[in-house]
Structure formats: C-alpha cells, structure tokens
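*Asks:* Whatever this is, show me its structure:
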Amino acid sequence: LWDGCRMMIRENPWAGVGWGNYGLRSPLYLGKALWAPGGDRHYRNELHADNAHSEPLEFLAENGIGGVLVLTAGIGFFGYRRRRRHQACLPASAVWGGLAALAVFSFFNAAFHSVAHALAGWILLQVGYSMGPKHAEPPAESSEDTAVYGSLPLFIRGAISLTIFFVVILHGVLVLYPSYTLRRAENAHLLRTAETDRLYASALAAGGAYSAQAHMDYGIWLMDKQAYIEASRHFEKAARLIDTGKLHLLRAICAEAQRKNNAAYHAAWECAWRWPDNRRAWELVLRHAPKEERSLLEKHRTRWLTP
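*Replies:* As a prediction, the model looks like this:
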C-alpha cells in the first residue's frame with residue numbers, strides 16, 4: 001500500500017491526484033508497485049484498497065505539496081488567532097494526549113475514514129481551541145481589532161450554519177439515498193427476485209456517490225442472465241470511476257462471450273496488472289494474446305502463479 005502510494009506521490013508531487021481520488025487511482029499504482037523489480041515480495045490479495053492506511057500519505061497523494069502548504073497555513077492562522085485571544089492558556093494534558101494518540105494512529109491507519117475516530121478528533125480540537133484562562137480576563141482588543149473583527153463572529157456563525165445545512169442536504173441526496181436504493185437492489189439481486197431490474201433502475205436514477213458501483217452491480221446481474229452486450233455497456237460506464245481488477249475481469253469475460261477476443265485480451269491484461277495472482281485473468285490473457293507475445297506472457301504468469 002505504502003509503496004504504491006509513494007509512486008503516486010512521486011508522479012504527482014505538486015497538486016496530487018485530486019481530493020477523494022485515491023480510491024480511483026490506487027489500483028493502477030498498486031499494480032505498479034507489484035510489477036516493479038522486487039515487487040513480488042509484497043503481501044497481496046485481490047481486495048481493493050480505497051485508502052493508503054496512512055492519513056498523511058493519503059493527503060499528500062491526493063493534494064500534493066500545494067495542499068500540504070495550504071493546510072499548514074490554515075493551522076498556523078487558527079493557532080495564531082487562538083494565541084492572541086488566550087495567551088496564557090494551554091489545553092489540558094488530556095486534550096494533548098488524545099490528539100497525540102489520534103495523530104500516531106492516523107500515521108498507520110485510515111483514522112479519518114472512520115466516523116468514530118474523526119468525530120473524536122473534531123471534539124478534541126474544539127475543546128482545545130475553546131479553552132481559555134481560568135482566572136484571567138482575555139486581553140483587551142484595540143479599536144482596530146474591534147473594527148476589523150467586530151462583526152466577524154456573527155458572520156462566521158451564519159456561514160457555518162448554512163454550510164452545515166447544505167452539506168447535510170447534499171449528503172442525503174448524493175450519499176444516503178443512493179446508498180439506500182443500491183442496497184435494496186443488491187438484496188433483491190442476491191435473492192433473485194422479479195423486481196431486481198426495477199430496483200437497479202431506481203439505483204441508477206439516484207446517481208450520486210454510488211452510481212459507478214450501481215452500474216457494475218447491474219452489469220453483473222445482466223451478465224448472469226447472459227445479456228452480455230448490455231452488461232458491457234454498464235461495465236464501461238462503471239469504468240469511468242472504478243479501476244479495479246474485478247471490473248476489468250468482468251469486462252474481459254463479457255468481451256469473450258461476444259467473441260471480441262482483442263478486447264478480452266486487453267481487459268484481462270488490465271486485470272492481471274492489478275491482480276497478478278488471478279488465475280482466470282491469466283487464462284484469458286494467454287488464450288487471446290497474439291502468438292508472438294505468449295512466451296513472454298507465460299513467463300510473467302509463472303512469476304505470480306505457483307504450478
């Protein structure tokens with residue numbers, strides 16, 4: 001995971017791959033880490049890792065050096081404001097201890113992908129920021145400070161309230177409702193009920209954060225019914241936001257069923273790049289590869305698969 005993340009950072013050092021794009025780009029770079037010289041020493045499986053198991057590494061990979069500088073400037077600004085307001089105050093040792101423990105944890109895990117850990121960090125930051133001197137009046141502000149910042153707290157409160165309101169609404173529209181409709185379709189899929197197609201249509205219409213997953217799941221449903229042409233269309237739409245070995249293997253199987261051997265070969269090779277231990281992918285690669293490439297591909301296969 002960290003080796004692939006390192007390669008992602010090295011190739012996109014200044015602006016990163018974009019906020020929230022680590023899960024989309026990680027399969028390619030995990031494949032690069034595995035196929036690099038000595039890469040077969042890494043532990044590997046066929047699960048899709050949508051985080052780097054290190055918050056600092058993931059933040060740097062997504063936002064680059066520019067994002068780190070912006071974050072550092074923001075922390076410095078709020079720290080300076082707090083220092084001016086409460087010069088004699090330091091957060092209690094419990095706050096420092098909690099933040100230090102969360103920081104160490106985040107270096108080796110996806111702390112901010114966990115609601116519980118992220119909420120704990122937010123509460124600790126709020127407690128530490130709001131603590132003031134117990135027995136001292138805050139320093140008097142100059143008339144210049146009052147003129148500049150006199151109306152700022154009310155404005156900030158209003159802006160935060162509106163932001164939270166819109167974030168909650170957007171979260172419901174783009175995340176919660178699409179997740180609900182997709183889960184209903186997946187449950188119907190597993191039970192193979194008659195309303196599965198209708199429920200998948202609702203999930204696709206909901207769009208949002210799970211639209212690509214909905215296209216892939218519906219493609220699997222169509223493939224089970226041997227509707228390979230329509231399944232391929234949904235897999236191609238899913239491929240705009242999903243780049244996993246699983247999706248490429250599904251694309252390869254559908255292409256082979258339609259006798260599109262060249263497309264099956266390329267999709268299977270994309271799968272083998274990301275899942276080098278996948279036997280089905282190597283079977284498709286060797287079955288549809290050009291004859292002049294098969295000897296080299298056979299050597300690649302034996303590197304990853306035991307007899």
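
*Asks:* ok, now which ones touch the closest residue to Gly219 other than its chain neighbours?
*Replies:* The spatial neighbour of Gly219 that comes closest, neighbours along the chain excluded (Cβ to Cβ, 6 or more residues apart in numbering), is His234 at 3.7 Å. Quick note: C-beta positions are derived from backbone N, CA and C, even for glycine. Contacts for His234 were tallied using Cβ atoms under 8 Å, 6 or more residues apart in numbering; they are 215-216, 218-219, 222.

*Asks:* in what helix or strand does His234 lie?
*Replies:* Following DSSP states H and E, one finds His234 within helix 228-238.

*Asks:* repeat for Ile169
*Replies:* Using DSSP H and E, Ile169 falls within helix 152-171.

*Asks:* Return the list of helices and strands in contact with that helix.
*Replies:* Identification of packing neighbours for helix 152-171 by 3 or more Cβ pairs under 8 Å, 6 or more residues apart in numbering; DSSP states H and E yields no helix or strand.

*Asks:* moving C-terminal of that helix, what's the next helix or strand?
*Replies:* Using DSSP H and E, the helix or strand that follows helix 152-171 towards the C-terminus is helix 177-191.

*Asks:* contacts for that following helix?
*Replies:* Judged by Cβ under 8 Å, 6+ apart, the contacts made with helix 177-191 from elsewhere in the structure are 195-196, 199-200, 202-203, 206-211, 213-214, 217-218, 220-221.

*Asks:* Can I get the buried part of those as one ChimeraX selection?
*Replies:* Here the buried members of the contacts of helix 177-191 are turned into a ChimeraX selection, burial being counted by 16 or more other Cβ atoms under 10 Å:
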select :196,199,200,202,203,206,208,209,210,211,213,214,217,218,220,221
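
*Asks:* Could you pull out the buried residues of stretch 275-288?
*Replies:* Of all the residues in stretch 275-288, those buried under the rule 16+ other Cβ under 10 Å are 275-278, 281-282, 284-286, 288.

*Asks:* Farthest pair within those residues?
*Replies:* Asp277 and His288 (19.6 Å; Cβ to Cβ).

*Asks:* Average pLDDT for stretch 194-209, rounded please.
*Replies:* For stretch 194-209, the per-residue pLDDT values average out at 94.

*Asks:* An error on my part: the question was meant for stretch 216-234.
*Replies:* The average pLDDT for stretch 216-234 rounds to 96.

*Asks:* now do stretch 251-268
*Replies:* The predicted model gives stretch 251-268 an average pLDDT of 96.

*Asks:* Please apply the same query to stretch 54-65.
*Replies:* Average pLDDT, stretch 54-65: 91.

*Asks:* Name the residues of the strand or helix carrying Arg294 that come out as buried.
*Replies:* Assessed by DSSP H and E, Arg294 sits inside helix 294-304. When neighbours are counted by 16+ other Cβ under 10 Å, the buried residues of helix 294-304 are found to be 297, 300-301, 304.

*Asks:* Contacts for it next, please.
*Replies:* Contacts of helix 294-304 from elsewhere in the structure, counted by Cβ under 8 Å, 6+ apart, are 40, 272, 276-277, 282, 285-286, 289.

*Asks:* For those, give me CSV that also has distance to Phe77.
*Replies:* Listed next are the contacts of helix 294-304 as CSV, based on distance: Cβ to Cβ, whole Å:
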residue, distance to Phe77
Asp40, 47
Ala272, 48
Pro276, 46
Asp277, 48
Trp282, 54
Val285, 53
Leu286, 58
Ala289, 57
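
*Asks:* Now, those that are in helices?
*Replies:* 272, 282, 285-286 (DSSP state H).

*Asks:* quick one: stretch 17-26 to chain centroid distance?
*Replies:* Taking the mean of its C-alpha atoms, stretch 17-26 sits 6 Å from the chain's own mean (Cα atoms, centre = their mean, to the nearest Å).
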